[in-house]
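*Asks:* model the structure of this input:
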Amino acid sequence: MAKVQIIMPVTLDGFLPNKNEELMEWLRTDGNGFPYWEERATFNMYPHYGMLDLMDAKERRDNNCTFFMKVQDEKSAEYAGGVFLFRLADELVIYLLPISYKSGKNIAGKIQFGQWTLRESKTFRNNICRLVYRLKE
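*Replies:* Numbering: from 1, shown residues only. Here you go, the predicted structure:
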């Protein structure tokens, strides 16, 4: 079965960072941000990819296949919420940005229930922390 991986930036208080945030630009362009995962993924998922199609594709592919989705705006955050709702995510990569907003699009509350295991953590010079979690089976 294929792996579904969600990559999402989150502020310290659980919100989706603004697109024009300086740290988001780093995440979009640096080799340790989104490009790191894009290079390793088999397929990129976009918000218009059907959930039933994803369920079917996940079942048909082997465990060497990775479906990758980056959360970078409200539309992709809503889609990720659907992936979590259907319990399709196997791996969650959180980029914790050292900023807080106190309001906005809360995305931390959308993560699917279950027990997650921290597989890797790394802090970068700009104080962004990357946390890689796998859903415990």
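*Asks:* what's the closest non-adjacent residue to the residue with the largest distance to the centre of the chain?
*Replies:* In terms of distance from the mean C-alpha position of the chain, Arg60 ranks first, at 22.2 Å (C-alpha atoms, centre = their mean). Once flanking residues are discounted, Arg60 sits nearest to Ala2: 7.9 Å by C-beta to C-beta, 6 or more residues apart in numbering. (Each C-beta comes from the backbone N, C-alpha and C, glycine too.)
*Asks:* pull the contacting residues for that neighbour.
*Replies:* By C-beta atoms under 8 Å, 6 or more residues apart in numbering, Ala2 lies in contact with 42, 57-63, 65-67.
*Asks:* cool, Lys70 as well?
*Replies:* Contacts for Lys70 (C-beta under 8 Å, 6+ apart) come out as 7-8, 34, 37-38, 76.
*Asks:* got it, and Ile128?
*Replies:* 23, 26-27, 95-98.
*Asks:* biggest helix in the protein, by residue count?
*Replies:* Criterion DSSP state H: the longest helix present in the chain is helix 74-85.
*Asks:* now stretch 118-135: buried residues?
*Replies:* 128, 130-135 (16 or more other C-beta atoms under 10 Å).
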